[in-house]
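Asker: Show me the folded form of this:
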Amino acid sequence: MRKEFKNETKKTSKDEKEGEKMKKYLVKRLIQLPIIILGVIIVTFLIVQFTPGDPAVKLAGSSARVEDIEAIREQLGLNKPLWEQFVDYFTNVLHGDFGRSFLRKTEISKDLMSALVNTIYLIVFARIWSVAAAIPLGIIAALKQNTWIDKACMGLTLAGVSIPQFWLGLMLMKIFCLQMGLFPFSGMGNSFFSLDGMMHAFLPALMLGLPQMASISRLTRSEMLEVMRQDYIRTAKAKGLRYKSIVIKHALKNASLPLITVIGTQTGYMLSGSVVIESIFAWPGLGRYSITAIIGNDYPVIQASILLFAIMFLVVNLIVDLTYSAVDPRIKY
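Answerer: Reported below is the predicted structural model:
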C-alpha cells in the first residue's frame, strides 16, 4: 500500500514539474511574440521609407500640382523626422489603424479583415481536404509496401509535388470552367457555406492543398513504415489484437507527431501559397489584395499585409508547438 502511495506521489510530482515547464515555455513564447512582431513593424516601416519614389506623388498623381503634393506630404506626416514618423506609424498600428489605401481610397483595416476572412476560408477548405486525403493514402501505401497500390499512391503524390501550381491551375480552369462549365471561372459566391460558395472555392482549394496533400501522404507512409517495424507493434500482433486496432490506435498514434509538425508548418506556408492561387482564380483574399497593392505601389496596404502575414505565421507556429505536448508527453520544454 505504501509502495503504491509513493508511486502515485512520484507520478503527481512529475506531472506538476512537467506542468511548470510547460507554463515557463508558454510564457517564454508569449514574451518572444511581441518582440518579433515589433521587429516586423520596424522592417515594414523601413521598407517603405527606402523604396524609390515619393508616396505623396503616388497618391496625388503625376499631374498634381506641387502645392497639392506638399499638402499630402503634410497630411501623411512625411515632412516629419524619421523617428517621429515611426512613432506615429507604431501608434496607429497598435490601434489597428493602417490608414487609407492609395488605390482604393478606403480604410485598409476593413479591407484587410474582409480579405483575411476569405483567405482563412480557402486555407481551411484546402487544409481539411488535403489532410483527409493524405493520411489514408499514406497508410494504404505503407500497408501495401512495394505493391502496385503503393507505387500508384506515391506516383500520384510525386506528381502533386512536382507539377507547378500556376500551370495546373490554369489547365484545370480551362478544362473544368471554360470547356466543361462545371465550376465558376473566378471570384467567390454569395455565401461561404452555400453550394455556390463551395463551387467557387473548390478549384482554388484543390490547387492550394495539392502540394500539401502530396508531402503529408509521403511523410505518413514513411512514418508508418518506421513504426510498423517497432517491437511494440510485433508484441501487439503476438497478443492477437485486431490489425485495424494496431494500425489506428498504436501505429498511427505514434506516427502522428511528425505529421502534426508538418501540418502546422504547412498551414503557415499556405498563406504565401495563397498569393499565387488567389491571383489565378481572382479570389478576393489577402494574397490577391497584397499583389494588387504591390503592383500599384500602395505602400500602406503592403505594410499592413506583411505585418498580418507575419502575425498569422507566428501564431500558427505557436499553436503547433503547444500541440506537441498533447500528442506526446515525452516532449521536453
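Asker: quick one: low-confidence ranges for the protein?
Answerer: 1-19, 21-22, 52-55, 57-64, 68, 75-77, 79, 189, 191-192, 324-333 (pLDDT under 70).
Asker: Domain map for it?
Answerer: The record's domain parsing of the chain by the TED database lists 22-95, 113-327.
Asker: in which helix or strand would I find the closest residue in space to P258 that isn't next to it in sequence?
Answerer: Once flanking residues are discounted, P258 sits nearest to E223: 5.6 Å by C-beta to C-beta, 6 or more residues apart in numbering. Every C-beta, even on glycine, is put in place using the N, C-alpha and C of the backbone. Element membership for E223, per DSSP states H and E: helix 195-228.
Asker: and that helix, what does it pack onto?
Answerer: Helix 195-228 sits against helix 108-143, helix 148-162, helix 165-172, helix 253-281, with contacts defined as 3 or more C-beta pairs under 8 Å, 6 or more residues apart in numbering; DSSP states H and E.
Asker: Just after that helix, pick out the following helix or strand.
Answerer: Heading C-terminal from helix 195-228, the first helix or strand you meet, by DSSP H and E, is helix 231-238.
Asker: Give the next helix or strand downstream of that next one.
Answerer: Trace forward from helix 231-238 with DSSP H and E and the next one is helix 243-245.
Asker: State the distance from A236 to F86.
Answerer: 61 Å (C-beta to C-beta, to the nearest Å).
Asker: An error on my part: the question was meant for S274.
Answerer: Distance from S274 to F86, by C-beta to C-beta: 30 Å.
Asker: out of these two, which sits in the busier spot?
Answerer: S274 (25 against 16; other C-beta atoms under 10 Å).
Asker: Apart from its chain neighbours, what residue comes closest to that one?
Answerer: S274 sits nearest to G287 (C-beta to C-beta, 6+ apart), 4.1 Å away.
Asker: my guess is that neighbour meets F281, correct?
Answerer: No - G287 is beyond contact range of F281, at 10.5 Å (criterion: C-beta atoms under 8 Å).
Asker: what sits against L219?
Answerer: G138, P258, L259, V262 (C-beta atoms under 8 Å, 6 or more residues apart in numbering).
Asker: Select only the buried ones of these in ChimeraX?
Answerer: Typed into ChimeraX, the line below selects the buried ones among those, using 16 or more other C-beta atoms under 10 Å:
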select :138,259,262
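Asker: with the contacts of L219 in mind, which one is nearest to Q145?
Answerer: The closest of the contacts of L219 to Q145 turns out to be G138 (C-beta to C-beta; 11.4 Å).
Asker: Contacts only, for the closest one.
Answerer: C153, I216, S217, R218, L219, T220, R221, M224.
Asker: what's the burial count for the first one?
Answerer: Read it as C153. 22.
Asker: What sits closest to it if chain neighbours are left out?
Answerer: Closest to C153 by C-beta to C-beta, 6+ apart is A141, at 4.0 Å.
Asker: so how far is Y232 from that neighbour?
Answerer: 22 Å.
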